[in-house]
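Novice: pasting a predicted model and its sequence here:
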Amino acid sequence: MLTFLPIAEGVSIQAEPITESVHWLTNSILVTAIVTGIILFLARRATAKMKLVPDAGVQNIFELVVESLYDMLEGIVGKHMIKRTFPLLATIFIFILASNWFGLVPGVGTIGFGKITGPFHSIEMQHPLLRPANADLNMTLAMAALFTVIWIWWTFTETGPIKFLKHTFLPKGDLSGMLWLFLLPIFMFVGVIEVVSIGFRVVSLSLRLFGNIFSGENLMHTMGNLGDALPAPLAYLSSVLLPLPFFFLELLVGFIQALVFMLLCAAYIQLSTSHDEEEHEH
């Protein structure tokens, strides 16, 4: 039975299949498809009839977003890398931001399938139809892993595998002789730590985004159910008013988390290609 009541126990740690016959089609994948469709529709509408001096609001908004992101990222990754990396970095930001804000739309997490229970025939929510995309660790982990693979490709094509290994494990600067040999074990040890930290980037990127969005969803559900013990009119009023301040807080958190994810990815690109960037300038 389809119900529109909030979930008393909050957001499940795992995404749930919409139907038992198709286990891979979860409520978070459904939201991902919806958000992707909305972004593609708006992008298509903004670029369908482009003008040199736009008068349509959608084109103005898209140009503002793209130009702002381009200028910001160019200052981080450099002029040489911006054309290669901008499409992915901008897509990451726009998708994460849209997913985070779509998760705050009324009905996401509160519309789903339930059953009638108890002597008073109350409805108990069991399977939400919609789940915030970034409240699913599978989604954030996939984005972080995909970026890491592409980052490795960009780094190797820009610096070359041999130069990357030298930059990571060998002493820097114009060192030679005994000093170079003395510092070699230290730099090799630091290089091993650097390689381990690269592997942990996938974990840190995914868990940071997942943790903030998942905890925010649970906070909204908790505040919405805080007045359930009150009489019916007051319980309904509290379910609307109590989550309201946290709704605006989650709007800010959603934007910050999208920005942090994108900027960290840009910083990783800059760190691995900056020395190559200097050579191109010379």
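Specialist: Nice, thanks for sending it over.

Novice: can you give me the helices in the stretch 51-200 of the chain?
Specialist: 57-77, 79-102, 137-159, 161-169, 177-224 (DSSP state H, counting those that start in this stretch).

Novice: what's the closest of the ones you listed to Leu25?
Specialist: helix 137-159 (12.7 Å; CB to CB). No exception for glycine: its C-beta is placed from N, CA and C like everyone else's.

Novice: which elements pack onto that closest one?
Specialist: Here helix 137-159 touches helix 27-48, helix 79-102, helix 161-169, helix 177-224, helix 244-281, going by 3 or more CB pairs under 8 Å, 6 or more residues apart in numbering; DSSP states H and E.

Novice: weakest of those by average pLDDT?
Specialist: Comparing mean pLDDT across those, the weakest is helix 161-169, with a mean of 79.

Novice: check which residues of that one are buried.
Specialist: 164, 167-169 (16 or more other CB atoms under 10 Å).

Novice: try stretch 130-141
Specialist: Those would be 130-137, 139-141, for stretch 130-141 by 16+ other CB under 10 Å.

Novice: please apply the same query to stretch 85-93.
Specialist: For stretch 85-93, the neighbour count (16+ other CB under 10 Å) marks 85-86, 88-90, 92-93 as buried.

Novice: ok, back up a step: for Ser21, find the nearest of the helices of the stretch 51-200 of the chain.
Specialist: Evaluated with CB to CB, those place helix 137-159 nearest to Ser21, the distance being 19.8 Å.

Novice: how about residues contacting the closest one?
Specialist: Contacting residues not belonging to helix 137-159 are listed as 15, 28, 32, 81, 84-85, 88, 92, 96, 99, 133-134, 164, 167, 198, 201-203, 205-207, 209-210, 261, 265, 268-269, 272-273, 275-276 [CB atoms under 8 Å, 6 or more residues apart in numbering].

Novice: try stretch 181-192
Specialist: By CB under 8 Å, 6+ apart, the residues outside stretch 181-192 that reach it are 168-172, 175.

Novice: how about stretch 259-276?
Specialist: With CB under 8 Å, 6+ apart as the test, stretch 259-276 has contacts from 69, 73, 76-78, 80-81, 85, 89-90, 92-93, 96, 143, 147, 151, 154-155, 158-159, 163-164, 167, 201, 205, 208-209.

Novice: quick one: contacts for the residue most central in space within the chain?
Specialist: Geometric centre of the chain, nearest residue: Ile96, 4.1 Å, by CA atoms, centre = their mean. Residues near Ile96 by CB under 8 Å, 6+ apart: 134, 143, 209, 257-258, 261-262.

Novice: OK, contacts around Leu244?
Specialist: Per CB under 8 Å, 6+ apart, neighbours of Leu244: none.

Novice: gap between Leu179 and Gly216?
Specialist: Taking CB to CB, to the nearest Å as the measure, Leu179 falls 52 Å from Gly216.

Novice: try Gly37
Specialist: Relative to Gly216, and taking CB to CB, Gly37 is found at 24 Å.

Novice: one more: Glu20?
Specialist: From Glu20 across to Gly216, the span is 29 Å (CB to CB).

Novice: the more surrounded of those two?
Specialist: When Glu20 and Gly216 are compared for neighbours, Gly216 comes out ahead with 24 against 7, by other CB atoms under 10 Å.

Novice: kindly format the C-alpha coordinates of the host helix or strand of Tyr236 as PDB.
Specialist: Tyr236 belongs to helix 232-241 when elements are defined using DSSP states H and E. Provided in PDB are the C-alpha atoms of helix 232-241 (Å, rounded to 0.1, in the frame of the first residue of the first chain):
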ATOM      1  CA  ALA A 232      -3.200  15.600  16.400                       C
ATOM      2  CA  PRO A 233      -3.300  19.400  15.500                       C
ATOM      3  CA  LEU A 234      -0.100  20.100  17.500                       C
ATOM      4  CA  ALA A 235       1.600  17.000  16.200                       C
ATOM      5  CA  TYR A 236       1.000  18.100  12.600                       C
ATOM      6  CA  LEU A 237       2.100  21.700  13.400                       C
ATOM      7  CA  SER A 238       5.300  20.500  15.000                       C
ATOM      8  CA  SER A 239       6.100  18.200  12.100                       C
ATOM      9  CA  VAL A 240       6.100  21.300   9.800                       C
ATOM     10  CA  LEU A 241       7.700  23.900  12.100                       C
END
